[in-house]
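>>> Test case, fold it:
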Amino acid sequence: MSNKKKECDPDKIINPITNRCVKKDGKIGKTLLAKKNPKTKIECDPDKIINPITNRCVKKDGKIGKTLLAKNMKEQTKPPKTANKEVIKKTNKHRFKLDIKIPIDHSLNKEQVKKYINACDLEVRPIIKKIFNNTVHISFEEFIKNLNKNIKDLLNATNKSKKIYFYINKFLKEKSNYWVYKYVKNYIKYNKPEYNIYIIDNFDKSNNGDYIVFVDDCIYSGNQLSTELCGIKNKALIQLNFYILSPYISKSGKSYIEERMDKNKYFNKSNSKLIFSAYSNDIPLIDDYLTESDFTILYKYIEYFMMEEPIEGKYLIYFDHKLADNISTITPIYSGYVMNKHNIVELVEDDYYEEEFDELSDKDKATRFKIIPVINNCNDKINYDFLRPVCPYTPYKKTFNKNIAKVNNKVIKYRSADNKPKQSAVKLSL
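Numbering: from 1, shown residues only. Next up is the predicted model:
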């Protein structure tokens, strides 16, 4: 056999396997050229893509081709390694900044509630049992879930203008409505960055059709919000939409606000509208569960602690982030003050108490009254002031971090997936 090297025409290349000349632009020729000179770029038909491992053309709609196309797409969207932090920040969607402190678990402790009821006098036990069986505790998760529904309703209502004006006092930051506003603002910024958000305290720059939003966590009697609404002077008679964003509102509270606004001259003359968020939840009223005789017995035990506030018209609801004052709910009972003869303070002549409850020192209250805490994580903080209850710990107060620092670490971690409340609105069954 001759060892003479075979020569091919300029447009061909030798195939070392068969020792034959093949066309350079043919399938085998392209592969041989690529192996001989790795930098030589192989051109594939429009329906094919180069496989860098075998250096062969494969169909784009084949298994290997699809994998290669997907990989190429991923590489194209990835920021370059040399990109500075500013560029990377612009290419990624910003994270949802919660920007609020999260409350800890303040659900009712069933065993403590039983202990509390057993410590009450016999005649009042069935009444206290009714109260706890119909009390609704709203966990933080449930609160946020319902709040999100109402935010979406607001976004739908303002979809055309994409402008939302929050009527809120930005200097009163230790209030629950400002805490809720911060969450709402950041939710909108994250999910709808094209929306414009403003805080206002007057209507000097308002236009017809603007949405003026009033935020609250829960509306009880409606007196506080209706007073604020009626105090607003819309002297320019601009047609405005007063939007009430609250995930919880009583039926009576809603009716009371509507009645007062119907009598407001500025509201009527400007043809303004009052809009309540579509997904607000009703809250349980104590009057729906107690009889007239129940109230008579209860007054005997709780009248001193209510400080001239009536028991009727109170609401059986509280949150992880707040227990309302005794104007809205039966704060003394939720604070663990036992309804028995030991805790009864007798009236002296002329129907007055020798010393009013709010005149006693905290030390005197702790010594004088039998108290059995019924709310989880409130053992170390007794409510001695029913107008400003400290437990449940309110996350929008400056004292929040200091208060929860004393709570067991295991409790702080209760927000984990295993320990999240499984019921939406938690009621006891005693």
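>>> residues in contact with N403?
With contacts defined as CB atoms under 8 Å, 6 or more residues apart in numbering, the neighbours of N403 are 381, 390-391, 393. To be clear about C-beta, it is placed using only N, CA and C from the backbone, and glycine gets the same treatment.
>>> hmm, try it at 6 Å
Shown here is N403, whose contacts under the criterion CB atoms under 6 Å, 6 or more residues apart in numbering are Y393.
>>> what does V124 give?
297, 301, 339 are the contacts of V124 under CB under 6 Å, 6+ apart.
>>> Dihedrals phi and psi, the first one?
Torsion angles at I297 (phi, psi; degrees, to the nearest 10) stand at phi -70, psi -40.
>>> Ok, the second one next?
Here the main-chain torsion angles of Y301 (degrees, to the nearest 10) amount to phi -100, psi -30.
>>> hang on, it packs against M339?
Yes. With contacts defined as CB atoms under 6 Å, Y301 counts as touching M339 at a distance of 3.9 Å.
>>> in this protein, which helix has the most residues?
In terms of residue count, the longest helix belonging to the chain (DSSP state H) is helix 140-157.
>>> Now that helix: average pLDDT?
pLDDT averaged over helix 140-157 equals 94, rounded to a whole number.
>>> Stretch 316-328 now?
Confidence over stretch 316-328, taken as the mean pLDDT, stands at 94.
>>> Endpoints of that stretch, how far apart?
Between the opening and closing residues of stretch 316-328 we find a distance of 9 Å, counting by CA to CA, to the nearest Å.
>>> re the thing from before, which helix or strand lies directly C-terminal to the longest helix of the chain?
Helices and strands here follow DSSP states H and E; after helix 140-157, the next one along the chain is strand 163-167.
>>> ok, residues contacting that following strand?
Identification of contacts with strand 163-167 by CB under 6 Å, 6+ apart yields 158, 181, 196-200, 210-214.
>>> again with stretch 149-160
Where contact means CB under 6 Å, 6+ apart, the residues beyond stretch 149-160 that reach it are 164, 184, 187, 192, 211, 245, 247, 277-279.
>>> Tell me which two of these sit farthest apart.
Across these, the longest distance by CB to CB is 18.8 Å; it joins K192 and P247.
>>> Those two - which one has more neighbours?
For the pair K192 and P247, the greater number of neighbours falls to P247 (24 against 16), based on other CB atoms under 10 Å.
>>> any idea how far the residue nearest to the more buried one when sequence neighbours are not counted is from K189?
Nearest residue to P247, sequence neighbours excluded (CB to CB, 6 or more residues apart in numbering): N146, at 3.9 Å. Distance check for N146 against K189: by CB to CB, to the nearest Å, it reads 20 Å.
>>> Looking at these two, which is more packed in?
Looking at N146 and K189 with other CB under 10 Å, you find the greater number of neighbours at N146, namely 20 against 15.
>>> I figured that one hits Y248, correct?
No. The criterion here is CB under 6 Å, and N146 misses it with Y248 at 7.4 Å.
>>> dump the residue contacts of the residue nearest to Y181 when sequence neighbours are not counted.
Leaving aside its chain neighbours, Y181 sits nearest to V215 (4.8 Å; criterion: CB to CB, 6+ apart). By CB under 6 Å, 6+ apart, V215 lies in contact with 177, 180-181, 245.
>>> Narrow the residues you listed to those in strands?
In this view, the contacts of V215 that belong to strands under DSSP state E are L245.
>>> quick one on the thing from earlier: so how far is I64 from the residue nearest to Y181?
Separation of V215 from I64 (CB to CB) stands at 56 Å.
>>> To what extent is I219 buried, counted in neighbours?
For I219, the neighbour count with other CB under 10 Å is 27.
>>> Roughly how far does it sit from P310?
Taken as CB to CB, the span from I219 to P310 is 19 Å.
>>> N202 too?
As defined by CB to CB, N202 lies at a distance of 36 Å from P310.
>>> ok, now N177?
Distance, N177 to P310, by CB to CB: 25 Å.
>>> And N146, how far from Y211?
Per CB to CB, N146 is found 20 Å from Y211.
>>> Any idea how far apart the tips of stretch 105-124 sit?
29 Å.
>>> what does stretch 187-202 give?
Using CA to CA, the end-to-end distance of stretch 187-202 comes to 24 Å.
>>> Report the buried residues of it.
Within stretch 187-202, the residues that qualify as buried by neighbour count (16 or more other CB atoms under 10 Å) are 187-188, 192, 195, 197.
>>> Contacts only, for K322.
When contacts are counted by CB under 6 Å, 6+ apart, K322 is found next to 176, 394.
>>> In PDB, could you pull the C-alpha coordinates for stretch 144-160?
Written as PDB, here are the backbone C-alpha positions of stretch 144-160 (Å, rounded to 0.1, in the frame of the first residue of the first chain):
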ATOM      1  CA  ILE A 144     -53.500  40.300  56.600                       C
ATOM      2  CA  LYS A 145     -55.400  37.900  54.400                       C
ATOM      3  CA  ASN A 146     -58.600  39.900  54.800                       C
ATOM      4  CA  LEU A 147     -56.700  43.200  54.500                       C
ATOM      5  CA  ASN A 148     -55.200  42.100  51.200                       C
ATOM      6  CA  LYS A 149     -58.700  41.400  49.800                       C
ATOM      7  CA  ASN A 150     -59.800  44.900  50.700                       C
ATOM      8  CA  ILE A 151     -56.600  46.500  49.200                       C
ATOM      9  CA  LYS A 152     -57.400  44.700  45.900                       C
ATOM     10  CA  ASP A 153     -60.900  46.200  46.000                       C
ATOM     11  CA  LEU A 154     -59.400  49.600  46.400                       C
ATOM     12  CA  LEU A 155     -57.000  49.000  43.500                       C
ATOM     13  CA  ASN A 156     -59.900  48.000  41.200                       C
ATOM     14  CA  ALA A 157     -61.800  51.100  42.200                       C
ATOM     15  CA  THR A 158     -58.900  53.400  41.400                       C
ATOM     16  CA  ASN A 159     -57.700  51.600  38.300                       C
ATOM     17  CA  LYS A 160     -58.400  54.500  35.900                       C
END
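>>> That's all I had, so thanks and see you.
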